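# the sequence isn't on hand, but the structure is:
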């Protein structure tokens with residue numbers, strides 16, 4: 001006869017087994033390593049920016065995406081140093097925040113969305129743009145890893161903040177879509193060049209939350225390698 005305790009124990013075992021399917025298990029690590037080995041056959045593996053190109057291919061499943069990546073300043077070094085300094089990682093929306101790894105760093109991770117509600121209602125601007133402006137008013141973006149993975153208007157707002165004096169440690173901007181996405185990333189590139197803020201972006205309509213999280217996670221991985229002495233950031 002099956003008792004309630006037996007059912008509870010079986011459910012717990014199933015939950016534990018399911019949790020073990022994460023990237024910390026031997027099986028999952030083997031899959032991840034095999035996947036990256038295949039990516040390295042398609043993408044150069046010589047520089048820190050190559051690691052970001054590799055991650056873009058890994059995140060999108062498209063070998064051609066490596067050619068769409070753009071780098072301003074020395075963003076991989078700047079991003080890794082910010083992670084080592086435990087600077088905040090600030091995303092535009094929840095989906096990007098949830099994709100940021102919790103391992104290999106002690107950076108506080110927060111999202112912009114949910115802030116600036118009153119500003120959005122008063123002005124009619126998008127919630128994401130208002131949330132970026134609100135956090136910037138609080139000084140959150142200075143020295144931070146600023147990540148925009150979804151909302152073009154958030155990228156445009158961040159560009160305005162940089163123009164007005166805000167200085168993130170690095171910007172990762174891959175907003176996706178048919179309206180203002182490519183233009184917002186171009187605006188980011190123009191502004192960060194002028195004010196010498198390191199940035200990682202891409203060209204075209206594609207992008208998205210998964211890509212932004214993946215690229216940010218690679219900055220964390222570079223920082224971990226630097227901490228272990230496997231990478232020289234000098």
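Here it is on my side, so go on. Since this is a predicted model, take the numbers as computed values, not measurements.
# what pLDDT, on average, does the longest helix along the chain get?
Taking DSSP state H as the assignment, the helix of the chain that covers the most residues is helix 209-227. What helix 209-227 shows for mean pLDDT is 96.
# can you check stretch 37-47 too?
The model assigns stretch 37-47 a mean pLDDT of 87.
# over to stretch 165-184?
The pLDDT scores in stretch 165-184 average 96.
# list the buried residues in that stretch.
166, 168-176, 181-182, 184 (16 or more other CB atoms under 10 Å). (Glycine included, C-beta is placed from N, CA and C.)
# now do stretch 44-51
48, 49, 50, 51.
# a markdown table for these, including distance to residue 27 and secondary structure?
As requested, the buried residues of stretch 44-51 are exported to a markdown table (distance: CB to CB, whole Å; DSSP: H, G, I helix; E, B strand; the rest coil):
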| residue | distance to residue 27 | secondary structure |
| --- | --- | --- |
| 48 | 29 | helix |
| 49 | 31 | helix |
| 50 | 27 | helix |
| 51 | 24 | helix |
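# quick one: residue 66 and residue 160, what's the gap?
Separation of residue 66 from residue 160 (CB to CB, to the nearest Å): 30 Å.
# same check, this time on residue 194
13 Å.
# first vs last residue of stretch 69-77, how far apart are they?
With CA to CA, to the nearest Å as the measure, stretch 69-77 spans 16 Å from end to end.
# quick revisit: more neighbours: residue 66 and residue 160, which one.
More crowded of residue 66 and residue 160, by other CB atoms under 10 Å: residue 66, with 20 against 16.
# you'd agree the more buried one is in a strand?
No - going by DSSP: H, G, I helix; E, B strand; the rest coil, the assignment for residue 66 is helix, not a strand.
# give me the pLDDT value at it.
At residue 66, pLDDT is 96.
# out of the helices and strands in this structure, which is least certain?
helix 4-19 (a mean of 38; mean pLDDT, DSSP states H and E).
# what's downstream of that one, the next helix or strand?
helix 26-40 (DSSP states H and E).
# which residues of the protein fall in strands?
For the chain, the strands defined by DSSP state E occupy 69-72, 89-91, 109-111, 145-148, 170-173, 199-202.
# show residues contacting the second one.
To tie it back to what came earlier, the one meant is strand 89-91. For strand 89-91, the external contacting residues (CB atoms under 8 Å, 6 or more residues apart in numbering) are 83, 97, 100, 107-112, 135, 140-141, 144-149, 212-213, 216.
# swap in 6 Å and give it another go.
97, 107, 109, 110, 111, 140, 144, 145, 146, 147 (CB atoms under 6 Å, 6 or more residues apart in numbering).
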